[in-house]
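Participant: Have a look at this fold, sequence not included:
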């Protein structure tokens, strides 16, 4: 395998989640506008404000993440292009990677599960590849992510 391959996150889902959060916050504020000054009404309005702040913040930091695995250079390049601010590029060379594992976020009981690759680096740090919240196609399917792990390991010549 000598050809580089690229995978890109889905920023549309990030933006939809941020927008949903802000809308729920607005609904809480305006639905309880005439709700008086009871503790429950104040708490709900405060929750609404917090949800709006989270939604706006998430919307501003949403963006596209592109992961490129280059077998010839034996490297992984991750480019984060956000809606606000400059793009950030991180390059990890194969010699810096000790092991590739699979991380998990979520619970089976609530049916929200995300899998991602965890690069165990020689300096002792971990680097999350195809991170949850970036909404990569297939990130909710463990066999798909296991395929990513094998493909990255084979491409970079890292024993699996």
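Facilitator: That came through fine. From a predicted model like this one, the values you see are computed outputs, not experimental measurements.
Participant: Show me what the helix or strand bottoming out on mean pLDDT in the chain packs onto, helices and strands only.
Facilitator: In the chain, the helix or strand scored least confidently by mean pLDDT, DSSP states H and E is strand 5-8, which has a mean of 84. Using 3 or more Cβ pairs under 8 Å, 6 or more residues apart in numbering; DSSP states H and E, the elements in contact with strand 5-8 are strand 63-70. Where you see a C-beta, it was placed from the backbone N, CA and C, and this is true even at glycine.
Participant: So which bits of the helix or strand following the strand it packs on are buried?
Facilitator: Reading on from strand 63-70 to the C-terminus, the next helix or strand found by DSSP states H and E is strand 75-82. Residues of strand 75-82 classed as buried: 75-81 (neighbour count, 16 or more other Cβ atoms under 10 Å).
Participant: With stretch 96-108 instead?
Facilitator: 97, 100, 103.
Participant: Then stretch 51-60?
Facilitator: Quick answer for stretch 51-60 (16+ other Cβ under 10 Å): 51-52, 55, 58-59.
Participant: just stretch 15-24 next, same as before
Facilitator: Result for stretch 15-24 [16+ other Cβ under 10 Å]: buried residues 17-18, 21-22, 24.
Participant: residues making contact with it?
Facilitator: 48, 51-52, 54-59, 62 (Cβ atoms under 8 Å, 6 or more residues apart in numbering).
Participant: From those, which land in helices?
Facilitator: Taking DSSP state H, the ones among these that sit in helices are 48, 51-52, 54-59.
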